[in-house]
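>>> sequence and predicted structure below; questions after.
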Amino acid sequence: MSSTSSSQMGQLVADKHVRYILMAEKKKESLESVVMDHLRMNGAYWGLTTLDLLDKLGTVSEDEVVSWIMTCQHESGGFAGNTGHDPHILYTLSAVQILALFDKINILDVGKVSSYVAGLQNEDGSFSGDMWGEIDTRFSYIAICCLSLLKCLDKINVEKAVEYIVSCKNLDGGFGCTPGAESHAGQIFCCVGALAITGSLHHVDKDLLGWWLCERQTKTGGLNGRPEKLPDVCYSWWVLSSLIMIDRVHWIDKAKLAKFILDCQDLDNGGISDRPEDAVDIFHTYFGVAGLSLLEYPGVKAIDPAYALPVDVINRIIFTKNDC
Amino acid sequence: MHGRKRNAASKPEEDAASAAEALELRLLQSQFMSNHHQKIYTKEAIQLSAKLQEINPEAYTAWNYRKLAVEYNLDSADPSLVNSILDKELEVVENALKRNLKSYGAWYHRKWVLSKGQCSSLDKELQLLNKYQKLDDEIKKNLVLRNFHLWNYRRFVVELTKTSEQDELQHTTDMINDNFSNYSAWHNRSVLLSSLVAKKADGFMPKETIRREFDYVHNAIFTEEDDQSGWFYYLWLLDQTVKMETPLRASPWPSDGSNIILSGPGCFNGSSSKFTTYCSESGSFPLILYFDQAVSGVSSSTVTIDSELKSNEDLVWEPVPEKNSQVSCVWVARLKFDRTEPVKVKVSLGKSRGIVSSTGCNLITPYEFVFTVHIDDTVGESQEGIISWTDGFDSWDAQSSKDLNSLITLDQLEVDTGFEWRKQAIKIEIEQFRKLPDSKFGKLNLAKLLMAEETMISDDDAVKGVHYKEILQLYNDLMALDSWHDQYYKDEHSVALLRKVTSSTESLTRHLFRNRNMNSIVCLRLNNLTLSRIAALEKLLFVQMLDLSHNELHSAEGLEAMQLLCCLNLSHNRIKSFSALHSLRHLKQLRVLDVSHNHIGCKHPVDTTRYLCSSSFSNSGETGRKVPSKYRDTYLVLRDLMKLKQFDIRGNDLIAGEEFSSFVRQVVPTLVWLDGNKLAS
């Protein structure tokens, strides 16, 4: 495996990214913000986790964030993407993750939130995203990750949940969103993550999947999400974390991937884009920094590949008593 | 969010236009929200939501609102109006998809509408999908070809309309013929074929299907060498050729026809130099079954023991290592021995159904093996001295090679009726691939084909092992040709190397020695082989002393199968943490463990083996007593090693010293030697 000296590789302009995130947070009425209004909860998770990975979580007002999060909670216990929107499992996880960053999970009525999530499990073990019934293995991961953080995994039928995920395993070793659906790195991350959290990774053919995943590395050094597609920084997370969870990360060229991520930075204004020279956004800034964390880039805190939260946050939660 | 160019600073006119747009959208959104919260479902309100969704199909709440509006209006509607209400929804979805063909909300809304079961246009849906896939614009077309929403929706409609799998298979053929580089189509093809073959549909018997598909995929891979889609499909076909209808195989320990001598307390004494001596202080010994696929259902009702040994009814079979899953390749039970004279033991599997592989293969043909056990009563002095890994080794004697043969021959559990066609298919493929010019996928597939052919050569055939030299060379070539993946090829190389070593008694005996200090127990030396990966263990279950030092291993994964192991040397490897050694906690017989000169320590923030330990975070309560978190992984490995007497961890990043030593001594009270020093008692 080749190693590249850090001068050849480029630098992480961490301060610029911090500034980019803090400014984006304030620009609530820009067109981009208004269009993404409904997923502000996700955006907040991406931005705040990046800040924590760069050890700058203290630059935001914890009280402001937490009180806004609570305005997004619905009477069902679930959280919406923003105030006034409908609840959905996607935003419920992001809300819990943000509270975990601030060590404020205790302000929740854990029973209520966990019942909302657990109530979304179907008979075949799958999970719906909300009351309208869309099924996707993303939601299986979200439910398992969320309930594990709330220490209420026993509220669902874990065995059936795992069974459903396994039914979405494909012949190339990967996973799709529903049984028979094509393997995709995002879905693979969700399924592998869910299996990791529930101690069920023996269902994964690590060699077969590992090979499929390491073949995502393109000549640019970046990773794509499926064969014959363009590389994208967000796959530095989904592919990389999956490889790490199944202990096959040594099958890619890590130095080349790090260089690709660094090349996607906007060195002047901060932020990271999907590909070099493209427009930056919070989504890719988070995945770029998280990817660098998994590559053990200096100056970035360690992130847990299954929970997608800093390792110190996870250790704090997992190693304390209080069960549901 | 994707694929937009990074602009220079925007002009003031652009800013103003963008701000105006934002304001308009904001207004629309708040009007919509007001309607939604007040449950207003008038025609105007619904039109407003449609306008919003055309601009911003990702605003999910609007799709929820539409569903509520539909339900509200369907309730009070005239039956004749139902169709128009639902058709309107489909129109809104189509408009949204024009904006974003990847909108989850739009696609799900369409499914929701169709699921109402009142749609007249169901049969038109497939035609609609085909229309999408015949776009003229090349860029749009490629986007659409791989759009998984489209494919998923297609599957949904196929199920609703009960379209046949054969018709769908033809569709994938059409798509592939149009453009070989369509992974999505190849993927669907593999799903449909698997189902048709499993159902034993007409014209889809394994032999003919595989032949047809190999010929079909050759078109793709021989013409477009760089395109991955065909190659992945090819690898799947190869896998099917090897595995389809293959019966389960197992290797047991003790093996058929062997003679096991149990050495009593004060172990490792006795004059016998048979390598089937097994030390047992408790009067019991393990019975190991190693299946070539993960199976469940191994229990005292599916595995019968026939012998004069008493108190072996209701034997408890445990899967190694996954206790909570009850599925594993390796199963162990402990047989108690209660007499002085030799006893014959017959173990039978498959007489009653119950053992099933994770792929649904049932073990149906009975299989049995017979061995003899007796006790060697000579009680000698216990071995107290430190065991060295460099001194005291004697080479193997030819006499024992005959016994070795029975141990490494894998018995086939069933007569394989499909064997010949599969062997033929692989032979044809190998011939084809030898004609190909040098390319990465060409070499990789040839290596895999040769490996597949090797597994089909039975163990007592003289040509066994003939391909390994070429396989190893191919992986060496690949390490140079595709250096970014060199660690993958390295791992494959290690697997091939170990298979080569265990392919015949002749090659294996070159690595076998006797250790004088451990009373001539068998030692397998696999040091200095640049191994990055462990494999071929099903043939090595009899090994009690294993030297894997001076290699490139970063994990002990796989070693849990070696239940007889009492001495293990993993020094001078690349092990980064104790979690990478978690397999070792299943080796309850370990007396001597050397992990010195590795990279175990705190300098590696990313733990790649954390989630592979099944006792991970779901059971955080396992570390009941106060265990410092930095030693948690150490604790989980060492606490089960109740016989560990000698442990060496020098030369790691781990901060050794008094704190660590006293921690280890607490966890492992049986320890006598630590880091080469005798511990004060």
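Structure received.
>>> once you drop chain neighbours, what's closest to B:Phe660?
Residue nearest to B:Phe660 in three dimensions, not counting chain neighbours: B:Leu654, with 6.9 Å by CB to CB, 6 or more residues apart in numbering or on different chains. In this view, the C-beta of every residue, glycine as well, is placed from N, C-alpha and C.
>>> what's the neighbour count on that neighbour?
A count of nearby residues for B:Leu654, using other CB atoms under 10 Å in any protein chain shown, gives 21.
>>> check the one 3 residues further on too.
Other residues within reach of B:Gly657, judged by other CB under 10 Å, total 8.
>>> now the one 10 residues further on
B:Val667 is surrounded by 20 other residues when neighbours are defined as other CB under 10 Å.
>>> A:Tyr307 versus the nearest residue to it once chain neighbours are set aside, what's the distance?
Distances taken as CB to CB, 6+ apart place B:Leu638 nearest to B:Val667, at 4.9 Å, with adjacent residues excluded. Note on B:Leu638: its distance to A:Tyr307, by CB to CB, to the nearest Å, is 27 Å.
>>> A:Tyr307 is in what secondary structure piece?
Under DSSP states H and E, no helix or strand contains A:Tyr307.
>>> thought it was touching A:Ile318?
No - with contacts counted by CB atoms under 8 Å, A:Tyr307 stays clear of A:Ile318, the gap being 9.0 Å.
>>> just want to know which of these two has more residues nearby.
More neighbours surround A:Tyr307 than the other of A:Tyr307 and A:Ile318, with 23 against 16 (other CB under 10 Å).
>>> next, give phi and psi for that one.
phi -90, psi -10 (degrees, to the nearest 10).
>>> may I have the residues that are in contact with it?
A:97, A:145, A:148-149, A:193, A:197, A:314 (CB atoms under 8 Å, 6 or more residues apart in numbering or on different chains).
>>> out of those, which is nearest to B:His218?
Relative to B:His218, the closest of those is A:Gly193; by CB to CB it sits at 37.6 Å.
>>> quick one: average confidence on the longest helix along chain B?
Assignment by DSSP state H gives helix B:12-37 as the longest helix of chain B. Taken as a whole, helix B:12-37 has an average pLDDT of 90.
>>> for stretch A:17-32, same thing?
Averaging pLDDT along stretch A:17-32 yields 90.
>>> a helix runs through B:Phe647, doesn't it?
No - counting by DSSP: H, G, I helix; E, B strand; the rest coil, one finds B:Phe647 to be strand, located in no helix.
>>> residue 36: neighbour count?
Using chain A. The number of residues packed near A:Met36 is 21, by other CB under 10 Å.
>>> chain B is the one I meant
If we define neighbours as other CB under 10 Å, then B:His36 has 21 of them.
>>> same check, this time on A:Leu213
Using other CB under 10 Å, A:Leu213 is surrounded by 29 other residues.
>>> just B:Ser76 next, same as before
The local packing of B:Ser76 (other CB under 10 Å) involves 8 other residues.
>>> what sits against B:Leu531?
B:494, B:497-498, B:548, B:551-553.
>>> how about a cut-off of 10 Å?
By CB atoms under 10 Å, 6 or more residues apart in numbering or on different chains, the contact set of B:Leu531 is B:490-491, B:493-495, B:497-498, B:548, B:550-553, B:573.
>>> then it would be within a helix, right?
No - membership of B:Leu531 in a helix is not supported by three-state DSSP, which gives coil.
>>> where's it relative to B:Lys500, distance?
From B:Leu531 to B:Lys500 the distance is 12 Å (CB to CB).
>>> same question, B:Val347
Distance from B:Val347 to B:Lys500, counting by CB to CB: 30 Å.
>>> shaky segments in chain A?
Where chain A drops to pLDDT under 70, the residues are A:1-9, A:321-324.
>>> go back to the contacts of B:Leu531 and keep what's next to chain A.
For chain A, the contacts drawn from the contacts of B:Leu531 by CB under 10 Å from any CB of the partner chain are B:490-491, B:495.
>>> could I get those residues as a markdown table with neighbour count and distance to A:Asn82?
As requested, those are exported to a markdown table (neighbours: other CB atoms under 10 Å in any protein chain shown; distance: CB to CB, whole Å):
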| residue | neighbour count | distance to A:Asn82 |
| --- | --- | --- |
| B:Lys490 | 22 | 49 |
| B:Asp491 | 23 | 47 |
| B:Val495 | 20 | 52 |
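>>> could these be laid out in JSON lines, adding secondary structure?
Formatted as JSON lines, these follow (three-state DSSP):
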{"residue": "B:Lys490", "secondary structure": "helix"}
{"residue": "B:Asp491", "secondary structure": "helix"}
{"residue": "B:Val495", "secondary structure": "helix"}
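>>> could you save these as JSON lines and add columns showing pLDDT and distance to B:Lys440?
Output for these, formatted as JSON lines (pLDDT from 0 to 100; distance: CB to CB, whole Å):
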{"residue": "B:Lys490", "pLDDT": "97", "distance to B:Lys440": "15"}
{"residue": "B:Asp491", "pLDDT": "97", "distance to B:Lys440": "16"}
{"residue": "B:Val495", "pLDDT": "96", "distance to B:Lys440": "19"}
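>>> nearest to A:Ile69, out of the residues you listed: which one, please.
A:Ile69 lies nearest to B:Asp491 out of the ones next to chain A among the contacts of B:Leu531, by CB to CB, at 44.8 Å.
>>> which residue is the nearest non-sequential neighbour of that closest one?
B:Asp491 sits nearest to B:Arg533 (CB to CB, 6+ apart), 4.3 Å away.
>>> among the contacts of A:Tyr307, which are in strands?
The strands, defined by DSSP state E, take in nothing from the contacts of A:Tyr307.
>>> and the residues you listed near chain B, which?
Checking these against chain B (CB under 10 Å from any CB), the matches are A:148, A:193, A:197, A:314.
>>> the second one reaches A:Ile144, doesn't it?
Yes - the pair A:Gly193 and A:Ile144 qualifies as a contact (CB atoms under 10 Å) at a distance of 7.9 Å.
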